[in-house]
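Trainee: sharing a model that was predicted from the sequence below.
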Amino acid sequence: MGKIRITKQFNFEAGHALYGYDGKCRNVHGHSYKLSVTVIGTPISDADHVKHGMVIDFGDLKKVVNEEIVDQFDHATIFNKNSPHVELANELSERGHSIILADYQPTSENMVIDFASKIKARLPENIQLHSIKLQETETSFAEWYASDN
Ligand SMILES: Nc1nc2c(c(=O)[nH]1)N=C([C@H](O)[C@H](O)COP(=O)(O)OP(=O)(O)OP(=O)(O)O)CN2
Ligand SMILES: [Zn+2]
């Protein structure tokens with residue numbers, strides 16, 4: 001049987017700030033992020049298998065992405081830990097705010113690279129990560145493709 005791509009979509013709200021950026025997004029602000037995760041594999045052909053006909057159960061994919069990404073990033077604020085924003089991040093964290101100190105500038109590009117590595121590490125051996133799309137605004141998104149990397 002041939003390979004099939006399946007996609008699961010997610011949403012999360014997060015704040016971020018682009019330290020040193022030459023535009024409005026250097027300010028702390030937020031997005032309603034839309035995340036699409038596409039995996040590729042061969043549907044299970046064994047009629048006795050509980051997952052017969054599936055590449056991966058959408059529910060199993062949801063569990064991985066929720067645990068690795070959505071539960072961590074939803075309603076958190078992402079700062080670049082390699083910038084002076086680390087002080088602001090630590091202050092907010094001490095005051096009980098949900099903070100992510102990323103080892104990168106929190107652009108859509110760097111976030112999809114991070115997400116790809118986290119999701120790949122959790123997928124079963126027979127399932128490959130095909131692509132990820134992270135939509136920051138209605139008009140702006142970044143995509144990661146396995147074939148490009
Ligand atoms: N290549 C990138 N450019 C920008 C990023 C990014 O992650 N990668 N991020 C930002 C800001 O976070 C900003 O919030 C989003 O940018 P932008 O699409 O420019 O937002 P607008 O509200 O101005 O969008 P319009 O739909 O054009 O009004 C900036 N750049
Ligand atoms: Zn932004």
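Mentor: On my side now, so go ahead. Ligands and ions are numbered 1, 2, ... in the order given.
Trainee: so who does the spatially most central residue of the chain touch?
Mentor: The residue lying closest to the centre of the chain (Cα atoms, centre = their mean) is residue 115, at 4.0 Å. Neighbouring residues of residue 115 by Cβ atoms under 8 Å, 6 or more residues apart in numbering: 35, 37, 68, 69, 132, 134, 144. (Glycine included, C-beta is placed from N, CA and C.)
Trainee: restricted to strands, list the residues you listed.
Mentor: The members of the contacts of residue 115 that map onto strands under DSSP state E are 35, 37, 132, 134, 144.
Trainee: redo those as TSV? Include distance to ligand 1.
Mentor: Output for these, formatted as TSV (distance: Cβ to the nearest ligand atom, whole Å):
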residue	distance to ligand 1
35	14
37	18
132	14
134	9
144	13
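Trainee: make JSON lines from those and add neighbour count and pLDDT to it.
Mentor: Shown next, in JSON lines, are the ones in strands among the contacts of residue 115 (neighbours: other Cβ atoms under 10 Å; pLDDT from 0 to 100):
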{"residue": "35", "neighbour count": "21", "pLDDT": "99"}
{"residue": "37", "neighbour count": "26", "pLDDT": "99"}
{"residue": "132", "neighbour count": "26", "pLDDT": "98"}
{"residue": "134", "neighbour count": "23", "pLDDT": "98"}
{"residue": "144", "neighbour count": "23", "pLDDT": "98"}
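Trainee: circling back to that earlier point, turn the contacts of residue 115 into CSV, including distance to residue 87.
Mentor: Below are the contacts of residue 115 laid out as CSV (distance: Cβ to Cβ, whole Å):
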residue, distance to residue 87
35, 29
37, 34
68, 28
69, 26
132, 31
134, 27
144, 31
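Trainee: out of these, the closest to residue 62 would be?
Mentor: residue 37 (9.2 Å; Cβ to Cβ).
Trainee: distance check, that closest one against residue 88.
Mentor: According to Cβ to Cβ, to the nearest Å, residue 37 stands 31 Å off from residue 88.
Trainee: from the ones in strands among the contacts of residue 115, pick the one nearest residue 125.
Mentor: residue 37 (17.5 Å).
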